[in-house]
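Chemist: Any chance you could fold what I've pasted below:
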Amino acid sequence: MTFEEEFSEVYENWNIDELFRDLAEILVEKQHKKKKDLAPSSKAALLGKLSGLTHAEAAKKSGYAEGSLRQALKKGKEISLAIREKFELGEDADGEKLDFHKLLKKYRKKPENSPSTPTEIKINWREVCAKMLEKQQTTQQLRRKATQIGCEVEVFVKLGLVERKLQQRHSENNGMEKFREKEVITRTYEYDEFLLDVIQGKKNKFTAIVGEAGSGKTTWLDKIATYLKNTNHLYICIPLGDLQGKTLEEYILKKWLPNAMFFIDLDIDSATLEKLLTKLLQKNEVWLLLDGVDEIGESSAGKTLRNIQQQLTGFLNAARVVLTCRTNVWDVNFNNPLSGFETYKTLEFKFEQVDDFIHQWFVKAEN
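Modeler: Next comes the predicted model:
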């Protein structure tokens, strides 16, 4: 009898021919063998594993000796080699210890009337982002109160586009030339102008809003999130002080997404949701709004900036990023590790803005 007859249940539930072909092609590609086919004993050993049989039971079905099946799965043999190469496992990958059902799940056939595949699942991510933003704003994880009694007024500081230029100067003592950095504000932005030109216009993939403590950075980020809420863009707001040792990736998948699941009215497991969100992030469809780079808690400002630079890689590399940071942290290094960011600095209030702020504050405090 053929393998397909002896292991009929496996063939019914798995795309076995495709699996064998892919594994053989990997071995040829990696120059582990010349012929694009697996040895019969290797096929029998793998079929036995997928059937959940012991080696003795698989040997009886396949007609191959039990010892041959054991040998076929040994470390360094073609099944282990192919699986190691396909899934980038370590050189110690041993077929006897591998979870073939988990590793090879993409080859499992979809049963009739089975749940939708991830590509067929429709999630209103815009609504999910909006609900999460509302939750964060309500609990004040993103927006800090303007005062202890919670008054917040609609007065915005302008933002100035910063360009830093090196200037040469001659030392009188030893005649050596030294350099210093001069900050130049090349353009100022009002509230609506910034949103339309920089955010809606996607002027730059990476944007930094820099300023002193209490200068309105978080308020700006909050308003950017609210603006994105009324567009087709998706966005994830992350108060960086809440990372508590987590990476951005871990925070998004293990904290933000589990909280967002409450707003997804579908019976979907967390692993599937993680895949769906990861795909969105990889397609340049999500904005990351990162509040308070200076609050990450690294031992030095330079290390803090390098931390963010390193984390904006992998599946986060495609995301558009707006972050806020205190000036003393952002300007600590002559060569900022986040040099790819276009920098906007919060500018000082004008006299009339100060007057307007005080007036609005007292009006809202009384109410």
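
Chemist: going forward, measure contacts between C-alpha atoms and count neighbours the same way
Modeler: Fine.

Chemist: count of neighbours near residue 313?
Modeler: If you count neighbours by other C-alpha atoms under 10 Å, residue 313 ends up with 12.

Chemist: Which residue lies nearest the spatial centre of this structure?
Modeler: What sits nearest the mean C-alpha location of the chain, by C-alpha atoms, centre = their mean, is residue 316, with 3.9 Å.

Chemist: Can you give me every residue that contacts that residue?
Modeler: 249, 281-282 (C-alpha atoms under 8 Å, 6 or more residues apart in numbering).

Chemist: Show me which of those are buried.
Modeler: 249, 281 (16 or more other C-alpha atoms under 10 Å).

Chemist: Now flag whichever of the contacts of residue 316 is closest to residue 130.
Modeler: residue 281 (16.8 Å; C-alpha to C-alpha).

Chemist: So the closest one, which state does it fall into?
Modeler: helix (DSSP: H, G, I helix; E, B strand; the rest coil).

Chemist: Helices of the stretch 101-250 of the chain, residue ranges please.
Modeler: Listed in chain order, the helices of the stretch 101-250 of the chain (DSSP state H, counting those that start in this stretch) span 125-138, 191-194, 217-229, 248-251.

Chemist: if you compare those helices, which one is most tucked away?
Modeler: helix 217-229 (a mean of 20; mean count of other C-alpha atoms under 10 Å).

Chemist: Next, the angle helix 125-138 makes with it.
Modeler: In terms of direction (axes from the mean of the first three to the mean of the last three C-alpha atoms, to 10 degrees), helix 217-229 departs from helix 125-138 by 150 degrees.

Chemist: Against which helices or strands is helix 217-229 packed?
Modeler: In terms of contacts (3 or more C-alpha pairs under 8 Å, 6 or more residues apart in numbering; DSSP states H and E), helix 217-229 is packed against helix 125-138, strand 206-211, strand 234-239, strand 286-291, strand 320-326.

Chemist: re the thing from before, show the pLDDT at the residue nearest to the centre of the chain.
Modeler: Residue-level confidence at residue 316 comes out at 87, pLDDT.

Chemist: Quickly list what residue 287 is bridged to.
Modeler: residue 235, residue 320 (DSSP bridges).

Chemist: That one is in contact with residue 233, isn't it?
Modeler: Yes. Counting by C-alpha atoms under 8 Å, residue 287 does reach residue 233; the two are 7.4 Å apart.

Chemist: Give me the more crowded residue out of these two.
Modeler: Each of residue 287 and residue 233 has its neighbours counted (other C-alpha under 10 Å); residue 287 has more, 22 against 16.

Chemist: tell me the contacts of the more buried one?
Modeler: Residues in contact with residue 287, defined by C-alpha under 8 Å, 6+ apart, are 233-236, 319-322.

Chemist: which of those residues tops the neighbour count?
Modeler: residue 235 (27 neighbours).

Chemist: for that one, what are its contacts?
Modeler: Applying C-alpha under 8 Å, 6+ apart to residue 235 gives the contacts 129, 225, 228, 286-289.

Chemist: quick one: least confident of those?
Modeler: Per-residue pLDDT puts residue 286 lowest of the contacts of residue 235, at 90.
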